[in-house]
Every structure is written in structure tokens, then in C-alpha cells.
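Asks: I'll drop the sequence and a predicted model, then ask my questions.
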Amino acid sequence: MKQILVVDDNPLNSNLAKVILVRAGHSVQVLTCASDALRYLNRNPVDVILTDIGMRDINGKEFCHIVKSRLNTVAPRVVAYTAYAMEGELASFRAAGFDAIVVKPASRRQILAAVDPDGAY
Amino acid sequence: MAILLFASALIACIWVVTLYNETQRELESQAFILDPQADPAQAEQMTMLDAPLGASHVQLHKRRDYALAMFATIIVLMLTMLILFLANGLVRTRRAAAFSNQAKSQFLANVSHELRTPLNGILGYAELLREDLAGTDAWQFAQAIHDSGTHLLLLVNSVLDLERIAAGKMEVFLATENLRGLMQQIVAGHASTAMRKKIGLRLALSPGLPVEIDCDRSKLVRVLNNLIHNAVKYTNQGAVTVRVLQGGGSLIFKVIDTGEGIPASFQGAIFEKFTQVDGSDLRAQAGSGMGLALAKELVKCMGGAIGVQSRLERGSIFTFTLPLSIAATNAKAP
């Protein structure tokens, strides 16, 4: 079981991810923007962050960069959960330091494999 | 701006030509007094005598030469302007074309993003629903939603792929794959549709095929899926057979159906974008007509070729080749 933070401003998509992850036995917190997520991370350690890219306050790439460069903590695994699918866009996500990229529409198997590559499905 | 410059140059040109003509006429009227070939110094001396009659001969000569030089300069200037004007137009046209290509790519990227977001909800929740409804009759409704969404996703991907190919951005990623396993997996993906339509679906691997091949898995899978999907779709009785053989340094893939067939007049065009054998009686099975165009481009990307043989009411055979890489092992398949 992993502590997972889902960040997505589309409630249908974040709820979907939550149901999939909870059914697989993970513990899930859903937030709708990156600034809330950063505040949450100050108080709560998580194993994995599943984040959208196109968010209003801080975009997913910046958010990933901030999370990965925070001191005094072991950086969690950060997974992009995005509808951007063009090669150039994917390359920019890899460059931003994401551990994995899940392109929407994503199957349950793809989401579970991305948050926990060592798990069994 | 350019027109204004051009007009002023034209006026200057007319003025210079008039000046030249007047000077020339004046010179000609004096010609009987003086030999134009005469020594200029002497001529000046002589013309100084009849200065009151008008401009001196030498002055006239100078004025005429000056007018000529001006004329030549203005003509050169005008030609230069014309060339610059045309070149500027060309550069602008090029820039506009490049911009419109970029705008098209950006537009497609946006469309892709906007379609994927709701598709994520449709496919994701249909998957959850299918799981929850397992064992009930309603399961098939969830499955139908999922199938429809998957179809829509394939269309979105096809449009993007055709755009990538048009922009020359399609790359080939080779990896070693187990041929039999890959083929079984692909064919199995169409089993439920074939069963629903009560037609056969067979995989026939020729003896002696390499166990492993180096190929671009996702492209090969998509070409085969496309051909098998079409074959199953257009076959209402009989069977679809997927055959793999080897010849001429290539793997040869055949998708053979006993479907309605393709009219000879149409066989050349079906690999073009947005083409379909689309008589009104086939309307019910209308698709986007992009699948085969994409299959052709993907096969070309992988270094092969695709073709079709078909007879109405008998069926069709789609064949494509895939050059065998040097890394392919020669071990025999069991």
C-alpha cells in the first residue's frame, strides 16, 4: 500500500484515479491545485504524486520541479497524468523530471503500473 | 510605401527622359553650326561667342550625358526595387506557409488534448462499471461504451499519426519481439468481435519463421489491428485468416477474409486518405477512411510495402511486407 496524492483540477478525472487506486489498496488524497498540494506536502509525507499538467495556478511541470528540488525530504515518485500526447510535449515532461508519464485516456493497468512499477496487477 | 517609391521613381524617370529629349533636340538644332565631334576646348571657345543664343554646345552635351546617367541610375534603382519587392513577397509567402503549418500542428495538438480529457472519463468509468457489472447482463453495455470509446481514441490517434507522418516526424523504434507471442496476442484481441459475428478467426504461422524479430512493435501492432479489424468488420460469413510467411528477405503478413470484397475500380484508391467503398448500402459500416492510409504510411515507415487483392463477394487479401533485420535469429519456431 502506498500513500498517494492525486492533483487534478478535473473532478471526474481525479475521482476516477482515486477509485482505481483505492480499489488497488492504496491510500489516496485528492487535491485540485498544485499550491494546495505543496501545502499538504509540508505536513504529510507521500510515496507517490499523480499530477495533471494543465492546472491554473502552477502547472504540473513546475510542480514536479518544486517537489523534486525540496530539501530535507526524500522526493516522492512523481507521475504525470495528462492529456498532452504529442512527442514534443512528452519530451518536455521527461525533461521536467517526472518518473513516469500516464497519457489520458489511461487504463487502470497503466495507472497502477505507473504509480507502483513493482506491484502486481 | 513600395507603390509610392515606385511612382516617384517613374516621375523622375519621365522628367529625365524629357530633359534628355529637349537637350538632344537643342543639340540637333545646333548641329549645323558645330561639328559634334569637334575638340571640346575649341567648341567651348566657339560657343562662347554665341552664348547669347542659348546654352553652350558643351553644356548641352554635358546636360544630355547627365540625363542619360540619371536615366540609367533610375532604371537600375527601379529594377532593384522590383527585385526586392518580389523577394520580400516570396519571403512573406514562405513565412505564411511555415506559420500555417505550425498553426495546424498546434491546432491538432489542442484537439488531441481536448478530446483525450473526456475520453479518459468515458473509458475509465466504463472500465470500472464493467468490473462492477461482471456476471450480470448489463456487463455488455459497459463493454459497448468501452469499445466505442476505444474506437474514438483510435481515430484521434490516427489523425495525429497522419499529421506526424506528413510533418516527417514519425520515428521507428526497434525492439526484439517474440513473433508467435505477438501475433497470438494481436489476433486474440479480435476474437470476441469475431465470435459475436459468428465468423472464424485463425492465425497461421508458416514453419521456419524466426522466433524473434526486431520490429517497431507499436507500428506493427497497429497495422495488423487495422487490417484484422477491417476484415472482421466486412466479413459476415466464413472466416478471417491471418497468415505469416517468409520470402525475399522479408516477413510477409496476409490478412485474408471471405467478406464482401472491394470493387476493382476502388482498389487503387483505398490506401488514400479519407477514401471508403462507400455505396449507400455500406453506409451502416462507414468509418473515417483513415485506417488504410495510416497502415500504408506505417508500413512504409518500417521499410515495407502494402497491397490488396480482392474479388467482389469472394473476399479480400491484404498483404504487407516487413524487411527482416539482421538481428533476427534463425532458430525455427516449434
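Replies: Everything's here; your move.

Asks: how about the residues of the stretch 1-150 of chain B near chain A?
Replies: B:109, B:112-114, B:116-117, B:119-125, B:127-128, B:149 (C-beta under 8 Å from any C-beta of the partner chain). Where C-beta positions appear, they are placed from N, C-alpha and C, glycine not excepted.

Asks: Would you mind checking the residues you listed for buried ones?
Replies: Among those, those classed as buried by 16 or more other C-beta atoms under 10 Å in any protein chain shown are B:109, B:112-113, B:116-117, B:119-125, B:127-128, B:149.

Asks: Please identify which pair of these lies farthest apart.
Replies: B:A109 and B:L128 (28.8 Å; C-beta to C-beta).

Asks: In helices, which of the residues of the stretch 1-150 of chain B next to chain A fall?
Replies: Using DSSP state H, the subset of the residues of the stretch 1-150 of chain B next to chain A located in helices is B:109, B:112-114, B:116-117, B:119-125, B:127-128, B:149.

Asks: how about these, which pair is most distant?
Replies: Distance extremes for these: the farthest pair is B:A109 and B:L128 at 28.8 Å, using C-beta to C-beta.

Asks: So, low pLDDT: which residues of the chain?
Replies: Since no chain was named, I'll use chain A. Within chain A, the stretches with pLDDT under 70 are A:71-72, A:120-121.

Asks: That was the other one, I meant chain B.
Replies: Applying pLDDT under 70 to chain B flags the ranges B:1-6, B:9, B:13, B:16, B:30-55, B:273-289, B:325-334.

Asks: now the helices for it?
Replies: Ranges of helices in chain B, per DSSP H, are B:2-30, B:40-49, B:57-132, B:139-166, B:179-188, B:191-196, B:217-233, B:264-267, B:291-301.

Asks: Could you pull up the contacting residues of A:H26?
Replies: A:1-4, A:115-116 (C-beta atoms under 8 Å, 6 or more residues apart in numbering or on different chains).

Asks: any idea how far the closest residue to A:K2 other than its chain neighbours is from B:A98?
Replies: Excluding the flanking residues, the one nearest A:K2 by C-beta to C-beta, 6 or more residues apart in numbering or on different chains is A:D47, at 4.1 Å. A:D47 sits 46 Å away from B:A98, going by C-beta to C-beta, to the nearest Å.

Asks: Neighbour count for those two, which is higher?
Replies: A:D47 (16 against 10; other C-beta atoms under 10 Å in any protein chain shown).

Asks: wouldn't the more buried one be in contact with A:S27 here?
Replies: No. Using C-beta atoms under 8 Å, A:D47 is not in contact with A:S27; the gap is 9.2 Å.

Asks: Now do the shared contacts for these two.
Replies: Counting by C-beta under 8 Å, 6+ apart, the common neighbours of A:D47 and A:S27 are A:2-4.
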